[in-house]
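Colleague: take a look and give me a structure for this.
(2 chains)
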Amino acid sequence: MLDIQNVFKTFNAGTVNEKVALKGLNLHLNEGDFVTVIGGNGAGKSTMLNCVAGVYPVEEGTISIGGVDVTGMPEHKRAQFIGRVFQDPMMGTAATMQIEENLALAARRGKSRFLRSGITKEEREVYREELKILGLGLEDRMTAKVGLLSGGQRQALTLLMATLQKPQLLLLDEHTAALDPKTAAKVLEVTQKIVEQDHLTTLMITHNMRDAIAYGNRLVMMYDGHVVVDVSGEEKKNLTVEQLLNLFSRASGSDEVNDKLLLA
Amino acid sequence: MASFLNALPGAVTQGLIWGIMAIGLFITYKLLDLSDLTVDGSFCTGGAVCVMMMAAGFNVWIALLAAVAAGMLAGLVTGFFHTKCGIPAILAGILTQLGLWSVNLAIMDMKANQPLNVNKYNVVLSIRYLEEVQYGLRPIWEHPALTVVLFTAVIIAILYWFFGTELGASIRATGANSKMARAQGINTNFNKVLGLAISNGLVALSGALLSQYQGFAEINMGRGAIVIGLASIIIGEVTFGKLFRNFGLRLLAVSLGAVIYYIVIQLVISLLEINTNYLKLISALIVAVFLAVPFWRKRYLPKKKKEGQHA
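Modeller: Okay, the predicted model is just below:
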């Protein structure tokens, strides 16, 4: 479904702040894979997601989604394949627009937008039903401005928006990191529900090792711009946090990074 | 006071005309979150194109349409500078505005001033109609203020419809959160260019109406337009913000803001009998005050609710 081949990405090339974020990254996702991604700060997790989404162009390598080479495709065109939820709850929604307007925008992802009505009556009914799934009572506040919602509510809404049009690929960039533990758990639960229900191919970055083990069918660990650990199936199910740390220090060839990874 | 009351209908009409310009500016400043300085130039472009077209014998409506098209082209150029050349929006607007000064002169046959004789041409409104209505020489419905109200109403209706469509909503999303907009498959660059074009089309229309109203187009007629536009938006918001939440009403508030602005200016001129050369200075100060009021209110007058909580 997703094929990342030998991708290189450098920031601030040619300056003292030069940072090679991705160094020949290879990753292949099968249809229906739910992959959790972990790694310390600067490992290249977010850069990978942003390169896949088209936020940054890559210097080398190719990225294809569902067999379509999207390497040179602009971000807004790639959006037809991709649903995204960001780390910052403010990022995924338009605060000054209503809940239903945000959903209507998301429902038209990948479609051309002309002078048809921005939102129809039938749509509203669909959204009301979809909002009920979140269990946050948003279905009764559909004309409220999104700016009035809490971070958790906005993140849940963004998740719904990302999956309203079934995406070929769902990208979750630490989407629960900015939430309190209780809300984070709730959003993760909804994530699991939606991903399972629609059999979505998903890449989820997380800083929480327990979540990384508990969710998805495959776990990928990144270090220094490429994938160093890749476990799936039974092996992943039986993983413990300790084993994960051992795997990581072996892969990165150092013990001290343990703390870095844990504290990150 | 008598001189003020006499001048009131004129001030209201002027305010309404500039209100159309301010509505155009509202699209870039409020909806797209861009500060577009093109308007100082495109306002004059509208007036120049309208006057020259009419002088060349074209029908007034065709002249108005041409003015709108010329304004949209100016917006397109700013949009090109901004999205395709990576120039910050505010600088892109300044560049277009500067370039337009020469273009506007060229349109006006290299003259700084081009008259439009009301007796010779069939204009939609004129300052002369003000008195003629007053003395009963013309029916009341030909009052220039009424004409502009009609224009404003049609413009607000069209914009209300347009910003409710898929395309219009995507423009609003572009201004509200461009990152989110792109993630939802919206071409934010295209939308910015489109918004700039629509905005400057309205600005040019406003300039065209003013040139007909005053009976000439002049190279400096748009100078300070951005300030008047911002003033109208802010005055409208400060005055009607709590009342007018609906999008159409917010546009109406902008138009009313422009009217209030011109009434205040007229009041200052009539009561203080100030030399009109000081108008720009007064304008700048009035706008500064209206911009400062919300800031001061926040800073020096803490909200009462919070005080209650502390007690």
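Colleague: around chain A, pick out the residues from chain B.
Modeller: Contact residues, chain B versus chain A (C-beta under 8 Å from any C-beta of the partner chain): B:162, B:164-170, B:172-173, B:176-177, B:179-188. Bear in mind the C-beta positions are built from the backbone N, C-alpha and C, glycine included.
Colleague: what about the residues you listed, which are in helices?
Modeller: The members of the residues of chain B next to chain A that map onto helices under DSSP state H are B:162, B:166-170, B:172-173, B:176, B:179-183, B:188.
Colleague: for the residues you listed, pick the one with the most neighbours.
Modeller: residue B:183 (30 neighbours; other C-beta atoms under 10 Å in any protein chain shown).
Colleague: got a list of what that one touches?
Modeller: By C-beta atoms under 8 Å, 6 or more residues apart in numbering or on different chains, the residues touching residue B:183 are A:53, A:75, A:79, A:82, A:84, A:92, A:162.
Colleague: secondary structure class for the closest residue to chain B within the stretch 151-264 of chain A?
Modeller: At 7.3 Å from chain B, residue A:161 is the closest residue in the stretch 151-264 of chain A, using C-beta to the nearest C-beta. Here residue A:161 takes the helix state, with states given by DSSP: H, G, I helix; E, B strand; the rest coil.
Colleague: list the single closest residue to it in space, sequence neighbours excluded.
Modeller: Closest residue in space to residue A:161, ignoring its immediate chain neighbours: residue A:106 at 3.5 Å, by C-beta to C-beta, 6 or more residues apart in numbering or on different chains.
Colleague: could I get the full set of helices for the stretch 151-264 of chain A?
Modeller: A:151-164, A:181-198, A:209-214, A:233-237, A:241-252, A:257-263 (DSSP state H, counting those that start in this stretch).
Colleague: what parts of the stretch 1-150 of chain A come near chain B?
Modeller: Residues of the stretch 1-150 of chain A lying near chain B by C-beta under 8 Å from any C-beta: A:53, A:74-77, A:79-80, A:82, A:84, A:86, A:91-97, A:101, A:104-106, A:108-111, A:113-119.
Colleague: now, of those, which are buried?
Modeller: Burial by neighbour count, 16 or more other C-beta atoms under 10 Å in any protein chain shown: within these this picks out A:53, A:75-76, A:79-80, A:82, A:84, A:86, A:91-94, A:96-97, A:101, A:104-106, A:108-110, A:113, A:118-119.
Colleague: and the residues you listed, which of them are in helices?
Modeller: When these are checked against helices (DSSP H), the matches are A:53, A:75-76, A:101, A:104-106.
Colleague: what's the farthest-apart pair in those residues?
Modeller: A:53 and A:101 (22.7 Å; C-beta to C-beta).
Colleague: which residues does the residue nearest the centre of chain A contact?
Modeller: Central residue of chain A (C-alpha atoms, centre = their mean): residue A:172, 1.5 Å from the mean position. Contacts of residue A:172 were listed using C-beta under 8 Å, 6+ apart, and they are A:84-85, A:159, A:191, A:202-205.
Colleague: now residue A:143
Modeller: By C-beta under 8 Å, 6+ apart, the contact list for residue A:143 reads A:98-100.
Colleague: same thing but 7 Å
Modeller: Counting by C-beta atoms under 7 Å, 6 or more residues apart in numbering or on different chains, residue A:143 touches A:98, A:100.
Colleague: likewise for residue A:251?
Modeller: Taking C-beta under 7 Å, 6+ apart as the test, what residue A:251 contacts is A:221, A:223, A:228-229.
Colleague: quick one: which of the residues you listed is nearest to residue B:75?
Modeller: Closest approach between those and residue B:75, by C-beta to C-beta: residue A:223, at 49.0 Å.
Colleague: so residue A:22: helix, strand or coil?
Modeller: From three-state DSSP, the assignment for residue A:22 is strand.
Colleague: quick one: it and residue A:7 touch, right?
Modeller: Yes. If you go by C-beta atoms under 7 Å, residue A:22 and residue A:7 touch, sitting 5.3 Å apart.
Colleague: need the overlap of contacts for these two.
Modeller: residue A:51.
Colleague: contacts only, for the residue nearest to residue A:161.
Modeller: Contacts of residue A:106 by C-beta under 7 Å, 6+ apart are A:161, A:164-165, B:184.
Colleague: look up how far residue B:169 lies from it.
Modeller: Distance, residue A:106 to residue B:169, using C-beta to C-beta, to the nearest Å: 11 Å.
Colleague: now residue B:62
Modeller: Distance of residue B:62 to residue B:169, computed by C-beta to C-beta: 32 Å.
Colleague: ok, how many other residues are close to residue A:242?
Modeller: Residue A:242: 9 surrounding residues under other C-beta under 10 Å.
Colleague: hang on, residue B:137 is in a strand, isn't it?
Modeller: No. Counting by three-state DSSP, residue B:137 is not found in a strand; it is coil.
Colleague: what number of residues lie near it?
Modeller: 11.
Colleague: tell me where chain B has helices.
Modeller: Here chain B has its helices, by DSSP H, at B:2-26, B:39-55, B:60-79, B:89-107, B:127-134, B:144-162, B:166-176, B:178-183, B:188-214, B:225-240, B:247-272, B:279-300, B:304-310.
Colleague: can you give the distance of the longest one from its chain's centre?
Modeller: Distance of helix B:188-214 from its chain centroid, counting by C-alpha atoms, centre = their mean, to the nearest Å, is 8 Å.
Colleague: again with stretch B:249-258
Modeller: Centre to centre, stretch against its chain (C-alpha atoms, centre = their mean), the figure for stretch B:249-258 is 11 Å.
Colleague: gap between residue B:129 and residue B:135?
Modeller: 11 Å.
Colleague: on that earlier part again, give me the buried entries from the contacts of residue A:172.
Modeller: A:84-85, A:159, A:191, A:202-205.
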